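Asks: What follows is a predicted structure for the sequence shown.
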Amino acid sequence: MLDDLRRPEYTGENRCWPCTASNAVLLLLACASVARLLPAKRARRLGVASVLGLVGGATIALRGYLVPGTPRFAPRLVDVLAGEPTRPTEAGSLAGEAADDAGERALDALLAEGVVHAVGDSLHLDERFRSDWRAAMRRVRERDLAPAVSDAAPVPVDVELVEGGDWVVVSAGGPESERWLSRPVAIAEVAAVRALAESGVDPAVRAQSASPLRAFLRECPDCDVELEETTADRCCGSGTSPLSPPDEVLACPACDRYVFRF
Ligand SMILES: [Zn+2]
């Protein structure tokens, strides 16, 4: 049962220390407020506070964080506290979780339809596909993103734009299925799904293919500014902890978002 509750993407070596620390502080504050302010007898207040502490602590231990949306605000909170500028934060993908061989099947489909070409042991994006994809990105970013994302998703999803449209929250029912896509990632993937459809790629692998294709982006899908290869030195729930080295990422210098993590 514990394994069902555990979220490996936010725990173990993927545990994000800004998330864990900020949630532990919030939990302590909540327990302290309950212990002091709950309108009940002292023994009852302390009882409620310790149950809250136990449940909250277990949640942070198993799931990486307690407060919904922590991976989104914790890095900013830490940046604000440290007096540093907000760093790029990475987002999820339209494809969500997939079978182990899904990536391989997607690559086969991309090669078969000539979307990517294998040259020696490296892969190149077809230049015609690149220009179709860019044209599709231009159209996607000029219109309402939410219906476009729900059209492109491989399964029925609820789509919500948050933080002034900077983030697209995609959910297939229930908070555990929730994924946060940054606006540039959402634009890139929706446009990729459309361009892949035009290239004749099987609908079953389109959304799955959209995510690795982001590695071939040269310009930000939203700003059209040239992307830079850099390192991710802080990103919640995505492998940044004192135990793992920073990842290489493609980031936009204008909007500060990652569009791909290598
Ligand atoms: Zn940008």
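Replies: Alright, I've got the coordinates. Numbering: from 1, shown residues only.
Asks: what ranges of the stretch 101-250 of the chain fall below the confidence cut-off?
Replies: Scanning the stretch 101-250 of the chain for pLDDT under 70 picks out the ranges 233-245.
Asks: Would you mind listing what in it touches the ion?
Replies: 220, 222-223 (CB under 5 Å from the ion). Bear in mind the C-beta positions are built from the backbone N, C-alpha and C, glycine included.
Asks: Of those - the most surrounded one?
Replies: Among these, Cys220 has the most neighbours (other CB atoms under 10 Å), with 25 neighbours.
Asks: List the backbone torsions phi and psi for Ser182.
Replies: Summarising the backbone geometry of Ser182 under the convention degrees, to the nearest 10, its torsions are phi -70, psi 160.
Asks: from what I can see it touches Glu163, true?
Replies: No - in this structure, Ser182 sits apart from Glu163 without contact. The criterion is CB atoms under 8 Å, and the distance is 10.0 Å.
Asks: quick one, which of these two is more surrounded?
Replies: Of the pair Ser182 and Glu163, Ser182 is the one with more neighbours under other CB under 10 Å, namely 24 against 12.
Asks: ok, back up a step: can you add distance to Leu27 and secondary structure and give the residues of the stretch 101-250 of the chain next to the ion back as CSV?
Replies: Below are those laid out as CSV (distance: CB to CB, whole Å; DSSP: H, G, I helix; E, B strand; the rest coil):
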residue, distance to Leu27, secondary structure
Cys220, 37, coil
Asp222, 36, coil
Cys223, 38, coil
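Asks: Using the three-state scheme, assign Pro68.
Replies: When the structure is split into helix, strand and coil by DSSP: H, G, I helix; E, B strand; the rest coil, Pro68 lands in coil.
Asks: pretty sure it is touching Glu176, no?
Replies: No - counting by CB under 8 Å, Pro68 sits too far from Glu176 to count as a contact (10.6 Å).
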